[in-house]
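Q: model this:
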Amino acid sequence: MRTLLIIVLLGMLIAAGYFAYSAIAVEGEPIPTEGYVALGLGAGFSILVGVGLMVLLFFSSRRGYDEPPHFR
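A: Take a look at the predicted model:
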């Protein structure tokens with residue numbers, strides 16, 4: 001059962017690699033400078049949001065906001 005799972009996951013990894021390579025190897029006009037700027041800003045903003053959410057998760061856990069309520 002475990003071997004079958006590994007085979008399926010490796011097959012999915014190979015398929016993802018094939019599709020990624022086929023998307024990169026498409027011939028056509030190169031991406032303009034504005035496209036690279038937009039791509040960089042989008043990636044940077046995504047990383048910034050991810051880091052911010054992880055910081056909020058860390059502080060929330062440290063201050064006990066994640067604990068169930070205690071009624072008196």
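
Q: Going by C-alpha atoms from here, please, whenever you check contacts or count neighbours.
A: Noted.

Q: which stretches of the protein form helices?
A: 2-24, 33-62 (DSSP state H).

Q: CSV please, covering the ones you listed and showing distance to R72 and mean pLDDT.
A: What follows is the helices of the chain, written out as CSV (distance: least, Cα to Cα, whole Å; pLDDT from 0 to 100):
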stretch, distance to R72, mean pLDDT
helix 2-24, 49, 95
helix 33-62, 22, 95
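
Q: okay, those helices in JSON lines with distance to P68 and mean neighbour count next?
A: Shown next, in JSON lines, are these (distance: least, Cα to Cα, whole Å; neighbours: other Cα atoms under 10 Å):
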{"stretch": "helix 2-24", "distance to P68": "37", "mean neighbour count": "11"}
{"stretch": "helix 33-62", "distance to P68": "12", "mean neighbour count": "12"}
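
Q: Which one, of those, ends up nearest to P69?
A: P69 sits nearest to helix 33-62 of all those, at 13.9 Å, using Cα to Cα.

Q: related to what we said a few turns ago, looking at the helices of the chain, which is closest to H70?
A: helix 33-62 (16.1 Å).

Q: How far off centre is that closest one?
A: Offset of helix 33-62 from its chain centre (Cα atoms, centre = their mean, to the nearest Å): 10 Å.

Q: which helices and strands does that helix pack with?
A: Applying 3 or more Cα pairs under 8 Å, 6 or more residues apart in numbering; DSSP states H and E, one finds that helix 33-62 makes contact with no other helix or strand.

Q: I'd like the helices of the chain as CSV, with distance to F71 appended.
A: Listed next are the helices of the chain as CSV, based on distance: least, Cα to Cα, whole Å:
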stretch, distance to F71
helix 2-24, 46
helix 33-62, 20
